[in-house]
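Asker: Sequence unavailable; structure follows:
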């Protein structure tokens, strides 16, 4: 479904300029981008007539003349203060900073990472014979640009993204912080990240989206994650975009044999956000935790579409998504768990719980379980509720004002997701952020 | 301290309390007994301000002021505490966090300085001894996954921290084994003094072996059917409650004619 195609000319123009700026002979990456741009021209932005976009209307994105950000565009205003926006003290010397979707080596610092760990510009990786084949083998293999117009557009604009590579057996102690700062009004930002973790490696990634001010822009990242046999990755995504902004993201993950992927996505920001997370369990014995918390208010809209695909036997998946909705906000949770024919001994658990703090908030939740194997253990459930009056009364009888009581119960509801975060600074900051959102001054 | 005058109250239009009169002074322990459905728990909930119950007649004065005009949290901050028969679980909020929040709300009400987490930790450690609770309870979520006995001990811990002037213990003995009962009752006895008062709501005499009341009031059909000293509880233990149903009203002439 194509909406207002003429606006896409702006993307076409920017795309032509980007292709020209690269100037060199056509590489496989140039062809990839061309194919993706062609695909975007066919797909356009999705419409609410499509089942997967039924509750999330992106017409406002299609209508706006967002200008794809380029490396040269006004990216000199950053100072140390700006870097504090989403600072993660544990990752002070292990962070890559993106401004308007483009990796800035000058702002990044990697001193805490060992020589073996690679965290560099995609361009740089392609130019380096040690990594170019790895990039080529994995880039755009997890995130499908054929069905999703946003992924197609991101793929067309792959440019100065990041390549993170954890070699075989390397255990990375410092969390690797990918900080995405939106700085310019009316830009379309297309961060692209490829994370490859080799056999029996272990690492923590923090993906952090912040904005300089309450600007209107589009951030549309695509993050691809590939775990080889026995690799372990903890992956946190914290989305605190401007409440005027749009955030449409895809995370696509491929899990190797006996690998372990533990991800938590926290959604606070953006006027409209959509997160597609796809975890493919293509090898036996993999395990994943795909958790999240969305906390929205005002007229915010937060949509999570997740797919956990059990394609081989003996894999385990756990999913807990919680939502807190206030004001006239709206949330969507659509969680598919597929258990394919030969995925025997699958253990899959999926839960979505929502807390509505206002009568005008609304959530559409649809957990879906499709099981084709016969020897599996699967369960799923969804709940939508309000503050329990008996619980509130209990707190009131201990001297808590009803507002404080509601905040405390809401905070407790969020804690189940936040408490599992192993990075102290992120967990504490989220506690603060939840309490701030609730206008509560509970010290934790 | 507390004067209940001709209190009528109910839920969903059904009158449960049909004219209760009761006076509680500083330093006293009162037991409210009675069969199931007599209105014991309703009385406790009305005193705490449960929103589901409506008072249709009568008044309750607490320290000379209209208690019924106060919201539940205001009642709590002015010194009324109710220990729940079924304490509520609050997942995600640690006992220590919750207790400090409640404690500081009271301090603020009294115009006193709030305690920071470290200061409060010391106080909590001290108070926890009253109910023999160890530090591991403080980091656990409020009542979440607690056994029945642990929940009741946690109620008394809250009482120990909040130091109410008037504590209403609603069936605090129910579901307790003998060791837990001893700990809970011992806690209440340690906290009771000449400046506060306790109302024990209980079905069984058993609790009163450990916490000895000066006054026993027996409720039947929403009225106080009989009053006496601690020996009345023993009489009930022997005779049960059935004989009361035929007994004349001992709660003043006014209460009987509604």
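Answerer: Yep, it's here. Note that the structure is a prediction, hence the values are computed from the model and not measured.
Asker: Minimum distance to chain A, which residue of the stretch 151-258 of chain B gives it?
Answerer: residue B:158 (6.3 Å; CB to the nearest CB). C-betas here are computed from N, CA, C, even on glycine.
Asker: need the contact list for that residue.
Answerer: Going by CB atoms under 8 Å, 6 or more residues apart in numbering or on different chains, residue B:158 touches A:398, B:81, B:83, B:99, B:102.
Asker: ok, now residue A:177?
Answerer: Per CB under 8 Å, 6+ apart, neighbours of residue A:177: A:88, A:91, A:94-96, A:206, A:208.
Asker: one step back: so the residue of the stretch 151-258 of chain B closest to chain A: helix, strand or coil?
Answerer: Under DSSP: H, G, I helix; E, B strand; the rest coil, residue B:158 falls in the helix class.
Asker: could you measure it against residue B:237, distance?
Answerer: Distance from residue B:158 to residue B:237, counting by CB to CB, to the nearest Å: 30 Å.
Asker: List the beta-bridge partners for residue A:351.
Answerer: Beta-bridge partners of residue A:351, counted by DSSP bridges, are residue A:320, residue A:381.
Asker: and it, how many neighbours does it have?
Answerer: Around residue A:351 there are 18 other residues, counting by other CB atoms under 10 Å in any protein chain shown.
Asker: do the same with residue A:359
Answerer: By other CB under 10 Å, 8 other residues sit near residue A:359.
Asker: One more: residue A:360?
Answerer: Burial of residue A:360 is recorded as 13 neighbouring residues (other CB under 10 Å).
Asker: What residue, apart from its backbone neighbours, is nearest it spatially?
Answerer: Nearest non-adjacent residue to residue A:360, counting by CB to CB, 6 or more residues apart in numbering or on different chains: residue A:328, 4.5 Å away.
Asker: contacting residues around the one you found?
Answerer: When contacts are counted by CB under 8 Å, 6+ apart, residue A:328 touches A:298-299, A:358, A:360-361.
Asker: do residue A:234 as well
Answerer: Going by CB under 8 Å, 6+ apart, residue A:234 touches A:203-205, A:262-263, A:422.
Asker: do residue B:14 as well
Answerer: Per CB under 8 Å, 6+ apart, neighbours of residue B:14: none.
Asker: give me the number of residues near residue B:210?
Answerer: By other CB under 10 Å, neighbour count at residue B:210 equals 16.
Asker: Isn't it up against residue B:185?
Answerer: Yes: counting by CB atoms under 8 Å, residue B:185 is a contact partner of residue B:210 at 3.3 Å.
Asker: As a check, name the ranges of all strands in the stretch 151-258 of chain B.
Answerer: Along the stretch 151-258 of chain B, the segments classed as strands by DSSP state E, counting those that start in this stretch run B:166-170, B:197-201, B:215-220, B:223-228.
Asker: Tell me, what's the model's pLDDT at residue 244?
Answerer: As the question left the chain open, I've gone with chain A. Model confidence at residue A:244, given as pLDDT, is 95.
Asker: Please refer instead to chain B.
Answerer: 70.
Asker: Isn't it up against residue B:226?
Answerer: Yes: Residue B:244 lies in contact with residue B:226 (CB under 8 Å); the separation is 6.1 Å.
Asker: what do those two both touch?
Answerer: Residues touching both residue B:244 and residue B:226 by CB under 8 Å, 6+ apart: residue B:218.
Asker: Leaving out chain neighbours, which residue sits closest to residue A:265?
Answerer: With CB to CB, 6+ apart as the criterion, residue A:265 has its nearest non-adjacent residue at 4.0 Å, and that residue is residue A:292.
Asker: wait, I meant residue B:208
Answerer: In space, and not counting its chain neighbours, residue B:208 is closest to residue B:233: 4.8 Å by CB to CB, 6+ apart.
Asker: buried residues in the helix or strand where residue A:378 lies?
Answerer: Applying DSSP states H and E as the criterion places residue A:378 in strand A:377-385. Neighbour-count burial for strand A:377-385 flags A:378, A:382, A:384 (criterion: 16 or more other CB atoms under 10 Å in any protein chain shown).
Asker: Report how many residues lie close to residue B:222.
Answerer: 24.
Asker: can you pull the contacts of it?
Answerer: Applying CB under 8 Å, 6+ apart to residue B:222 gives the contacts B:15-20, B:38-39.
Asker: Also residue A:380?
Answerer: Going by CB under 8 Å, 6+ apart, residue A:380 touches A:335, A:337, A:348-351, A:367-369.
Asker: Out of those, the closest to chain B would be?
Answerer: Relative to chain B, the closest of the contacts of residue A:380 is residue A:351; by CB to the nearest CB it sits at 13.7 Å.
Asker: List the residues that contact the residue in chain B positioned nearest to chain A.
Answerer: Chain A sits closest to residue B:92 of chain B, with a gap of 3.1 Å, by CB to the nearest CB. Going by CB under 8 Å, 6+ apart, residue B:92 touches A:411-416, A:419, B:141.
Asker: Could I get the phi/psi values of the closest residue to residue A:318 other than its chain neighbours?
Answerer: With sequence-adjacent residues excluded and distances taken as CB to CB, 6+ apart, residue A:318 is closest to residue A:289, at 4.7 Å. Backbone torsions for residue A:289, taken as degrees, to the nearest 10, come to phi -120, psi 120.
Asker: Before we move on, what's the pLDDT of residue B:249?
Answerer: You'll see residue B:249 listed with a pLDDT of 47.
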